[in-house]
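Colleague: Give me a model of this one.
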Amino acid sequence: INISTLNYTVSDANLQSCWYNLNNGETNITISCGQNITGLTSSEGSNTWRTYANDSAGNVNVSSVTFFKDSINPLISFGVGTANDGGSFNRNWVYVNVSATEINEVYITFRLFNSTGLFNTTTYTNAGRTINWTNLIDGIYYYNVSVNDIAGNINITSTRNIILDGAKPSFSNYTDNPNNNSAYLSGQIYRFNATISETSISRVGIEFNGLNYTGGNITNISNVYIFNRTDLGAGVYSYYWWANDTNGNYNTSGMRTYSIGKANADVRMYLNGVRSGLNVIYGTGTNASAIANTSGVILYKDGVDVTTSDNGLNKTLGAGDYNYTAYYAGNQNYSLMSETYFLNVSKISSSVTLSFNAASPQTYGTAINASCATTNLEGSLKLYRDGIDVTSNELGKSIVLGAGTYSYVCNATSTKNYTFAQHTNSFVINKADP
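Modeller: The predicted structure is shown next:
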């Protein structure tokens, strides 16, 4: 504060004059005796103010007062090595250095706060200017420094904060979708998630099957990091998550594996459009079709690859039993798979018709002609009369037989595609009149 008043008392029977000075006699100012002096301005530092009086006999007396004035706050600021406000560091100590200017310094106080309140106060009376708080746990800290002088003036720095972070990022809550060991599915999207706990994350990545992915390959939703892959083949994949924070703390999740099993190929065998065995009669068209949900299916007929010649094509097969198999050998993504059905082609039932050129009976001398017809397009016709093969001599030919009763048989031989058939009849030749 400013000292602005000088009060005094003076007495003498023959008082003549009074005066004062504020600067060791350099400048004397006359006043009315007994008049207090106001409106003065004291100087910073030591001040000596004097008042004088004399009487008519020339006697002089003086009275003085000395006081110290200090109305200027100390100067203080952060110095070299002190972390900037809001800094974050991978360490366990806080160092503070200040520069202070005060000729009448009494003490300087360093204060450190944590998230719960005042953590430490250290006061120096020996003009100390630095402090290093050590062995601190991770967290946010606040600090300021104040300096006091002899007159009670005080100045204080701004309050800065610093984050101590020596902890590595941590990983948890791993999820895979679809679940590990799921079967292969063409076009499937695979999602790999992990929760990463870190207050000052800098970068996150995933090393997936030997390739590193960061940035736009990874999505973050509330600290859940998501990595997608599409249409992975069956097999075993190795991966690990990694992350580092702004203070250089680095950590990995450790190696993890994800397996995709082979899918069962959807292999289907159709006979005339139906997934089942088939029975038909010779002459009926058939269609054998082998299909699958992946390329490379083979159509086997009785163990022979007929994919090119028969698969999906209409065919007319001879009578017999046929083994049709749709076969897929498997690959990286699909397991071996086959389906078999049997096709049975039955012979056509043949028929034979035995006829004569004239109705039985006839009189001796009449020529008869035995003929045969059959539906069997492959077999041979045979004509038997009384058990004797007369095909070459009598079939379709006119002959004269003696009187009697004759047993005729006409048959068609069995073939690959037609059954055996025969027709039996008898013919009577009566005696002629003499």
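Colleague: From now on I want contacts and neighbour counts done on CA atoms only, so please keep to that.
Modeller: Fine.
Colleague: Poorly predicted segments of the stretch 51-200 of the chain, please.
Modeller: Of all residues in the stretch 51-200 of the chain, none has pLDDT under 70.
Colleague: Wait, Thr257 touches Tyr239, no?
Modeller: Yes: counting by CA atoms under 8 Å, Thr257 sits close enough to Tyr239 to count as a contact (6.3 Å).
Colleague: Now Gly216: phi and psi?
Modeller: Gly216 has phi and psi values of phi -60, psi -10 when expressed as degrees, to the nearest 10.
Colleague: Starting from Gly379, give me the distance back to it.
Modeller: Taking CA to CA, to the nearest Å as the measure, Gly216 falls 79 Å from Gly379.
Colleague: So these two - more neighbours on which side?
Modeller: Under the neighbour definition other CA atoms under 10 Å, Gly216 and Gly379 were set side by side, and Gly379 has more, 20 against 7.
Colleague: Give me the pLDDT value at the more buried one.
Modeller: At Gly379, the predicted lDDT confidence score is 93.
Colleague: Give me the three-state assignment for it.
Modeller: Each residue gets one of three states, and Gly379 gets coil by DSSP: H, G, I helix; E, B strand; the rest coil.
Colleague: Who's the closest spatial neighbour of it, skipping the chain neighbours?
Modeller: Computed as CA to CA, 6 or more residues apart in numbering, the closest residue to Gly379 that is not its neighbour in sequence is Thr413, at 5.0 Å.
Colleague: Contact partners for that neighbour?
Modeller: Contacts for Thr413 were tallied using CA atoms under 8 Å, 6 or more residues apart in numbering; they are Gly379, Ser380, Leu381, Thr419, Phe420, Ala421.
Colleague: So for Thr257 and Tyr239, which sits in the more crowded spot?
Modeller: When Thr257 is set against Tyr239 and neighbours are counted by other CA under 10 Å, the residue ahead is Tyr239, at 19 against 12.
Colleague: Tell me which helix or strand that one sits in.
Modeller: Counting by DSSP states H and E, the element that carries Tyr239 is strand 235-245.
Colleague: now the end-to-end length of stretch 106-120.
Modeller: Stretch 106-120 has an end-to-end distance of 20 Å (CA to CA).
Colleague: What of stretch 314-322?
Modeller: Using CA to CA, the span of stretch 314-322 from its first residue to its last is 15 Å.
Colleague: ok, and what's touching that stretch?
Modeller: Contacts of stretch 314-322 from elsewhere in the structure, counted by CA under 8 Å, 6+ apart, are 281-288, 301-302, 342-347, 416-417.
Colleague: Buried ones among those residues?
Modeller: Buried residues within the contacts of stretch 314-322, defined by neighbour count using 16 or more other CA atoms under 10 Å: 281-283, 286-288, 301, 342-347, 417.
Colleague: Go through these and name the one nearest Leu232.
Modeller: Minimum separation from Leu232 among the buried ones among the contacts of stretch 314-322 (CA to CA) is found for Ala288, which lies at 33.7 Å.
Colleague: ok, that closest one to Thr316 distance?
Modeller: 11 Å.
Colleague: go on, Tyr239?
Modeller: Tyr239 sits 57 Å away from Thr316, going by CA to CA.
Colleague: quick one: contacts for Tyr300?
Modeller: Counting by CA under 8 Å, 6+ apart, Tyr300 makes contact with Val306, Thr307, Asn323, Tyr324, Thr325, Ala326, Tyr327.
Colleague: Which ones among the residues you listed map onto helices?
Modeller: When DSSP state H defines the helices, the subset of those inside them is Thr307.
Colleague: ok, of the contacts of Tyr300, which come out buried?
Modeller: Burial of these was assessed by neighbour count (16+ other CA under 10 Å); the buried members are Thr307, Tyr324, Thr325, Ala326, Tyr327.
Colleague: among those, which are in strands?
Modeller: When DSSP state E defines the strands, the subset of the buried ones among the contacts of Tyr300 inside them is Tyr324, Thr325, Ala326, Tyr327.
Colleague: give the contact list for the residue lying closest to the second one once chain neighbours are set aside.
Modeller: In other words, Thr325. With CA to CA, 6+ apart as the criterion, Thr325 has its nearest non-adjacent residue at 4.2 Å, and that residue is Thr340. Each residue near Thr340 by CA under 8 Å, 6+ apart is listed here: Met269, Asn323, Tyr324, Thr325, Ala326.
Colleague: now these in CSV, with pLDDT and distance to Gln362?
Modeller: Compiled in CSV, the contacts of Thr340 are given as follows (pLDDT from 0 to 100; distance: CA to CA, whole Å):
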residue, pLDDT, distance to Gln362
Met269, 98, 63
Asn323, 98, 56
Tyr324, 98, 59
Thr325, 98, 62
Ala326, 98, 65
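Colleague: where along the chain do the helices fall?
Modeller: For the chain, applying DSSP H gives helices covering 307-310, 391-394.
Colleague: okay, these in CSV with mean pLDDT and distance to Thr374 next?
Modeller: Putting these into CSV (pLDDT from 0 to 100; distance: least, CA to CA, whole Å) gives the following:
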stretch, mean pLDDT, distance to Thr374
helix 307-310, 97, 33
helix 391-394, 96, 15
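Colleague: Pull up the distance across stretch 163-171, start to finish.
Modeller: Across its full length, stretch 163-171 reaches 22 Å between end residues, using CA to CA.
Colleague: next one: stretch 293-302
Modeller: Counting by CA to CA, the terminal residues of stretch 293-302 are separated by 23 Å.
Colleague: buried set for that stretch?
Modeller: Buried residues in stretch 293-302, counting neighbours by 16+ other CA under 10 Å, are found at Val297, Ile298, Leu299, Tyr300, Lys301.
Colleague: who touches the third one in this structure?
Modeller: Okay, so that is Leu299. Each residue near Leu299 by CA under 8 Å, 6+ apart is listed here: Ser289, Ala290, Asp305, Val306, Thr307, Asp310, Asn311, Tyr324, Thr325, Ala326, Tyr327.
Colleague: Leaving out chain neighbours, which residue sits closest to the fifth one?
Modeller: Spelled out, that is Thr307. Nearest non-adjacent residue to Thr307 (CA to CA, 6+ apart): Leu299, at 4.7 Å.
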